[in-house]
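J.: need a structure here:
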Amino acid sequence: MSRIINPDSAGKERTKMTRAVALAVRELSKTDPSKNSGQLNEARDLAAFIALALESVAETIEVSVAAWEKRNYWIKADKFRMEWRWASQLGQQMREAAIKEDWERVAQVAMQVALKLYKIKISEKHRMGRPWEGSWARLH
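T.: Sure thing, here's the model as predicted:
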């Protein structure tokens, strides 16, 4: 029998989500929720999406390290967990700030996320669309 390869691996999902988060952070930096209700709704969706996506990224970590732990690569697994611990922490902080609509805190957390994802390049002609639309409703 041939090997079965899962095209939707945790690593690919993590990469896809981090690219979307990087795009959302950049879009969030362009909004001003105090100006009008359109920008407020956009900011809510963006903040909610960042929180949900980071929590989703954090869930992929254990899936990734499970294979290493089966092979007794505990140090590698622990190092990977430590490298990605920020996703869970910042996701939770963003969730709390978004629900409270504390835009100053949302901006602070978004800046921390941006620092973690600064290496991600996204072209102007990306095909990701607007994955954050409707995220505010899912956050609650």
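J.: ok, which stretches of this structure are helices?
T.: Listed in chain order, the helices of the chain (DSSP state H) span 10-29, 37-70, 74-100, 103-116, 135-139.
J.: nearest residue to the middle of the chain?
T.: Ranked by distance to the mean C-alpha position of the chain (C-alpha atoms, centre = their mean), the top residue is residue 54 at 3.2 Å.
J.: where in the protein is pLDDT low?
T.: 1-8 (pLDDT under 70).
J.: so how far is residue 60 from the closest residue to residue 58 other than its chain neighbours?
T.: What sits nearest to residue 58 in space, not counting adjacent residues and going by C-beta to C-beta, 6 or more residues apart in numbering, is residue 88, at 3.7 Å. For every residue, glycine as well, the C-beta is placed using N, CA and C. Per C-beta to C-beta, to the nearest Å, residue 88 is found 11 Å from residue 60.
J.: out of the two, which sits in the busier spot?
T.: Ranked by neighbour count (other C-beta atoms under 10 Å), residue 88 and residue 60 place residue 60 first, with 20 against 16.
J.: was I right to think the more buried one contacts residue 11?
T.: Yes - shown here, residue 60 and residue 11 form a contact pair, counting by C-beta atoms under 8 Å, at 7.5 Å.
J.: what number of residues lie near residue 34?
T.: For residue 34, the tally of surrounding residues (other C-beta under 10 Å) stands at 9.
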